[in-house]
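Novice: sharing a model that was predicted from the sequence below.
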Amino acid sequence: MSTDDPSPHSEHSSRGHQEHYEVEGPGYPTPAAMRTEGGREQTAYVMAPRVGMEEDGPDFVGVVDLDPESDTYSELIDTVEMPNRGDELHHFGWNACSSSCHAEGLTRQYLVVPGQRSSRIHVIDAEDPRDPEMVKVIEPEEVFAHDLSAPHTVHCVPGGKVVVSMLGDAEGELPGGFLQLDQEDFSIEGHWEADRGEMEMNYDYWYQPRHDVLISSEWAAPNTYYPGFDLEDVEEGKYGDSIHVWAWEDREHVQTLEFGERGRIPLEVRMSHNPEETQGYVGAALSSNIIRFYEEDDGTWDWDVVIDEEPREHEDWDMPVPPLITDILLSLDDQFLFFSNWLHGDVRMYDVSDSANPRLVDRVWAGGLFGDRQEVKNTEIRGAPQMLQLSRDGRRLYWTTSLFSSWDNQFFPDIAEDGSLMLKADVYPDEGRMELDEEFLVDFGDAPGGPARAHEIRWPGGDCTSDVWQ
């Protein structure tokens, strides 16, 4: 079902559209409303870590001008620098989003910005989209007190809370868990989960409150992935191969879907935006496939591999090179799935209108080990497509080229010296194709204060990977 046509049984169908204009809540009542009413992105917030750079300064959150009518289009126009070095900014999210769109008095105003290595959590006031400012810092000791570390995914959730996936314990080992913050003062309230069951590893998560479910994925213990990638760690079972099903209301682990060799290192989780649906996708990085997970009639969950990619030989490698799927996203109408192959160097676009049978419609090459295009605007592409963000109308796909500091330095060491990039492709959904925009380039090698990596991207008004609908 397309999100352009909300179910007549949905409490957020026509009534929701009316409330969107009457209630001063954050976000939009439906994915279709965000897609059609959200307007073109004018600015982007981009995580920019400097950990592991040759010039090792503090990380920052960058503001990129995306208004094509602006004199500073495709430039870094502001930065919010972190007060400490060594945070490794990675993923971030909002204090409030469309999951609370009918909660009067809430606004999407604050960015919650964790440090993956430091476990420090920053809060940035983005009321002025072009001039955000730091307003609060939660120090690592406050996080470690709950025997958690390495914050990753940030989601605003109903009930005035923010939930952050945590990848390790206070020592950087397993198990991980979830940290819950208050939505107003950002005080730590403790663990979100009441019973983690057999879950040990954590990474990304998505939730669907209408169906009482949360799905989480796995990376590894922080002490395993911090130094870089070692294939022996995979062979020793130190990297994930499963996703986990949780009861949303009871906050309890209820099922593990184990993929084994079919799903090595399952990272980004994307459930359908349409809140009527009980299915989604996860990208398995090392095995380089897309796995669809879905709820059965009896309430249990199952999975199938729906996209399988092949490794390729490379003269500098002593083993076939996996594509390494590191990010995936769904368009707001749930019609297209995009994902990045960070080692190979391409972004793929699949038609998933038949969700169980994705169909490849196009790909764009830009950098990587096999990309036939290694320059944009006379600038070498350092790295390859990695973190993705799609415009709300589904017509512009942006990406950055850095994965994680130690992994960058291992596979694309030039990023450590010269920084990474932000690139863009124009998307033509009606024609099922993409085209690299050869005039768009944001070079984080030119950042004030020295080169930086560029990682996750967010729009001030919400985006394909920040908002969840009830």
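Specialist: Sure thing, it's come through.

Novice: and the residue of the chain most remote from its centre, how far is that from Asn357?
Specialist: Ranked by distance from the centre of the chain (C-alpha atoms, centre = their mean), the top residue is Glu315, with 32.0 Å. Computed as C-beta to C-beta, to the nearest Å, the Glu315 to Asn357 distance reads 36 Å. In this view, the C-beta of every residue, glycine as well, is placed from N, C-alpha and C.

Novice: roughly how far does Leu332 sit from Thr300?
Specialist: 28 Å.

Novice: neighbour count for those two, which is higher?
Specialist: Counting neighbours by other C-beta atoms under 10 Å for Leu332 and for Thr300 shows that Leu332 has the greater number, 29 against 11.

Novice: thought the more buried one was touching Arg35?
Specialist: Yes: taking contacts as C-beta atoms under 8 Å, Leu332 lies within contact range of Arg35: 4.2 Å.

Novice: surely Lys377 meets Leu436?
Specialist: No: the criterion here is C-beta under 8 Å, and Lys377 misses it with Leu436 at 11.1 Å.

Novice: neighbour count for those two, which is higher?
Specialist: Taking other C-beta under 10 Å, Lys377 and Leu436 do not tie; Leu436 has more neighbours (17 against 12).

Novice: per-residue confidence for the more buried one?
Specialist: We have a pLDDT of 98 for Leu436.

Novice: what does the one 10 residues further on give?
Specialist: At Asp446, the model reports a pLDDT of 97.

Novice: cool, and Glu19?
Specialist: Per-residue confidence (pLDDT) for Glu19: 35.

Novice: how many neighbours does the closest residue in space to Gly160 that isn't next to it in sequence have?
Specialist: With C-beta to C-beta, 6 or more residues apart in numbering as the criterion, Gly160 has its nearest non-adjacent residue at 4.3 Å, and that residue is Gln183. Taking other C-beta under 10 Å as the criterion, the count of residues near Gln183 is 21.

Novice: ok, now Gly394?
Specialist: Other residues near Gly394 come to 18 when the count uses other C-beta under 10 Å.

Novice: so how far is Gln42 from the closest residue to it other than its chain neighbours?
Specialist: Taking C-beta to C-beta, 6+ apart as the measure, Gly394 lies nearest to Ser331, with 4.5 Å between them; neighbours along the chain are not counted. According to C-beta to C-beta, Ser331 and Gln42 sit 20 Å apart.

Novice: so between those two, which is more surrounded?
Specialist: In terms of neighbours (other C-beta under 10 Å), Ser331 is the more surrounded of Ser331 and Gln42; the figures are 25 against 16.

Novice: isn't that one right next to Leu390, touching?
Specialist: Yes: contact criterion C-beta under 8 Å: Ser331 and Leu390 qualify, at 6.0 Å.

Novice: from Met349, how far off is the residue nearest to Gly394?
Specialist: Ser331 is 9 Å from Met349, where distance means C-beta to C-beta.

Novice: thinking again about what came up before, which SS class is the residue farthest from the centre of the chain?
Specialist: Secondary structure for Glu315, judged by DSSP: H, G, I helix; E, B strand; the rest coil, is coil.

Novice: show me the contacts for it.
Specialist: Shown in contact with Glu315 (C-beta atoms under 8 Å, 6 or more residues apart in numbering): no residues.

Novice: go on, Gln386?
Specialist: Contact analysis of Gln386 by C-beta under 8 Å, 6+ apart lists Thr326, Asp327, Ser340, Trp342, Trp399, Thr400, Thr401, Ser402, Leu403, His455.

Novice: let me know the secondary structure of the residue lying closest to the last one once chain neighbours are set aside.
Specialist: With C-beta to C-beta, 6+ apart as the criterion, His455 has its nearest non-adjacent residue at 4.3 Å, and that residue is Met47. State at Met47, reduced to three classes by three-state DSSP: strand.

Novice: pull up the overlap in contacts between Ser331 and Met349.
Specialist: Common contacts of Ser331 and Met349 (C-beta under 8 Å, 6+ apart): Leu337, Phe338.

Novice: how many residues are close by the nearest residue to Thr107 once chain neighbours are set aside?
Specialist: Using C-beta to C-beta, 6+ apart and skipping the chain neighbours, the partner closest in space to Thr107 is Pro26 (5.7 Å). When neighbours are counted by other C-beta under 10 Å, Pro26 registers 23.

Novice: and if you look at Leu106?
Specialist: Neighbour count of Leu106, defined by other C-beta under 10 Å: 21.

Novice: tell me how far it lies from Glu313.
Specialist: Here the distance between Leu106 and Glu313 works out to 53 Å (C-beta to C-beta).

Novice: what does Ser288 give?
Specialist: Applying C-beta to C-beta, one obtains 15 Å for the distance of Ser288 from Glu313.

Novice: over to Glu88?
Specialist: If you go by C-beta to C-beta, the gap between Glu88 and Glu313 works out to 33 Å.

Novice: please, where are all the helices along the stretch 151-300 of the chain?
Specialist: Along the stretch 151-300 of the chain, the stretches classed as helices by DSSP state H, counting those that start in this stretch are 222-225, 231-235.
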